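Visitor: Sharing a model that was predicted from the sequence below.
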Amino acid sequence: MKAFVFPGQGAQFPGMGKDLYEGYPSAREMFEKANVLLGFRITDIMFSGTDEELRQTRVTQPAIFLHSVILTAISGDAFAPAMVAGHSLGEFSALVAAGALSFEEGLALVAGRASAMQRACGINPSTMAAVLGMDDAVVEEVCAGLEGAVVPANYNSPGQIVISGTTEGVARATEELKNIGGKRIIPLSVSGGFHSPCMEPARLELEEAIRKAQFTRPVCPVYQNVTGMPVTEPAEIMANLIAQLTSPVRWTQTIQNMISDGATEFIEAGPGNVLQGLIRKISPAVTASALKAGS
């Protein structure tokens with residue numbers, strides 16, 4: 001059973017999507033539509049911009065979304081999912097690819113999400129750090145002792161969890177984790193504490209936009225970050241999407257649930273191969289590969 005997964009922020013690279021634009025007229029049409037809807041030529045930055053330009057949140061998130069969604073759109077019968085999931089931002093790509101949300105509304109929500117998150121970062125100075133080689137329960141216990149200043153944000157794979165919160169909270173958690181044996185705690189180069197209470201201003205802003213969007217039943221179950229469980233009802237999809245910005249990404253649980261429900265082959269739709277690596281760590285028994293244009 002095939003499961004398609006969609007990457008989040010961090011999967012971008014200079015030149016991303018150029019092959020799709022040049023090789024497929026329908027892809028070119030979608031990219032040009034995006035340029036108009038966004039009000040700037042994101043394709044110029046994607047195809048020939050620098051790393052620094054591409055790392056701007058207002059560019060990064062729509063760029064990854066566009067690459068993923070356009071790739072699935074031009075893949076024809078190769079995109080035939082029994083289930084889908086997306087990591088953080090990738091959940092929007094998954095919803096559009098599965099038909100729960102239109103391309104235009106999905107892009108508008110992603111662009112609005114990026115702007116809202118950037119504003120929230122200015123309101124609440126915050127950050128994130130990756131904790132490697134420690135049990136989730138240990139990390140959770142340390143975070144709980146700091147009373148909301150820092151929380152588990154991404155359950156990426158067994159032994160890989162990301163914490164997020166105020167700058168001070170993450171620093172204190174890092175110190176405490178090192179004191180109890182943590183050897184690899186890596187500060188992340190991010191603009192803020194995503195998937196933590198620090199994103200509450202962005203959640204409120206995005207909620208209004210999500211409630212105005214038109215959601216329909218997807219063609220297959222969407223396993224959402226907040227619960228890691230399959231969802232098909234539009235109202236439930238919306239509620240989980242609203243909660244996503246301040247809730248952890250339960251990626252390990254999501255992949256485990258998809259496998260329990262019959263997934264044997266995972267295909268990553270979008271730039272990079274980060275999710276393939278995480279999936280292999282979660283379960284070596286399944287296959288993980290990349291969706292190729294026109295395949």
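Guide: Sure thing, it's come through.
Visitor: can you pull out the strands in the stretch 151-295 of the chain?
Guide: According to DSSP state E, counting those that start in this stretch, the stretch 151-295 of the chain carries its strands in the segments 160-166, 184-187, 222-223, 230-231, 265-268, 287-290.
Visitor: Report the backbone C-alpha coordinates of the first one in CSV.
Guide: Looking back up the chat, that one is strand 160-166. The C-alpha coordinates for strand 160-166 follow below in CSV (Å, rounded to 0.1, in the frame of the first residue of the first chain):
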residue,chain,number,x,y,z
GLN,A,160,15.4,12.4,17.5
ILE,A,161,13.2,15.0,19.1
VAL,A,162,13.1,18.7,18.7
ILE,A,163,12.3,21.1,21.6
SER,A,164,10.9,24.5,21.1
GLY,A,165,10.1,27.6,23.3
THR,A,166,11.4,30.8,24.6
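Visitor: In JSON lines, list the strands of the stretch 151-295 of the chain along with mean neighbour count and distance to Gly23.
Guide: Placement of C-beta: from N, CA and C, glycine included. Shown next, in JSON lines, are the strands of the stretch 151-295 of the chain (neighbours: other Cβ atoms under 10 Å; distance: least, Cβ to Cβ, whole Å):
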{"stretch": "strand 160-166", "mean neighbour count": "25", "distance to Gly23": "35"}
{"stretch": "strand 184-187", "mean neighbour count": "14", "distance to Gly23": "37"}
{"stretch": "strand 222-223", "mean neighbour count": "26", "distance to Gly23": "29"}
{"stretch": "strand 230-231", "mean neighbour count": "20", "distance to Gly23": "34"}
{"stretch": "strand 265-268", "mean neighbour count": "22", "distance to Gly23": "19"}
{"stretch": "strand 287-290", "mean neighbour count": "16", "distance to Gly23": "16"}
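Visitor: I'd like those strands as TSV, with mean pLDDT appended.
Guide: Shown next, in TSV, are those (pLDDT from 0 to 100):
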stretch	mean pLDDT
strand 160-166	96
strand 184-187	95
strand 222-223	98
strand 230-231	98
strand 265-268	98
strand 287-290	96
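Visitor: May I see the ones you listed arranged in TSV, with distance to Phe40 as well?
Guide: Conversion of the strands of the stretch 151-295 of the chain to TSV gives the following (distance: least, Cβ to Cβ, whole Å):
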stretch	distance to Phe40
strand 160-166	29
strand 184-187	31
strand 222-223	30
strand 230-231	33
strand 265-268	28
strand 287-290	28
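Visitor: my guess is Met1 contacts Ser260, does it?
Guide: No. Shown here, Met1 and Ser260 do not form a contact pair, counting by Cβ atoms under 8 Å, at 11.3 Å.
Visitor: Next, the distance between the ends of stretch 221-234.
Guide: Stretch 221-234 has an end-to-end distance of 11 Å (Cα to Cα, to the nearest Å).
Visitor: can you pull the buried residues of that stretch?
Guide: By neighbour count, and taking 16 or more other Cβ atoms under 10 Å as the criterion, the buried residues in stretch 221-234 are Pro221, Val222, Tyr223, Gln224, Asn225, Val226, Thr227, Gly228, Met229, Pro230, Val231, Pro234.
Visitor: what are the phi and psi angles of the first one?
Guide: Translated: Pro221. Per-residue torsions, Pro221: phi -60, psi 140 (degrees, to the nearest 10).
Visitor: wait, which of the strands of the stretch 151-295 of the chain is closest to Gly17?
Guide: When the strands of the stretch 151-295 of the chain are ranked by proximity to Gly17, the top entry is strand 287-290, at 14.3 Å, counting by Cβ to Cβ.
Visitor: ok, residues contacting the closest one?
Guide: Thr264, Glu265, Phe266, Ile267, Glu268, Asn273, Leu275, Gln276, Gly277, Ile279, Arg280 (Cβ atoms under 8 Å, 6 or more residues apart in numbering).
Visitor: Sounds good, over and out.
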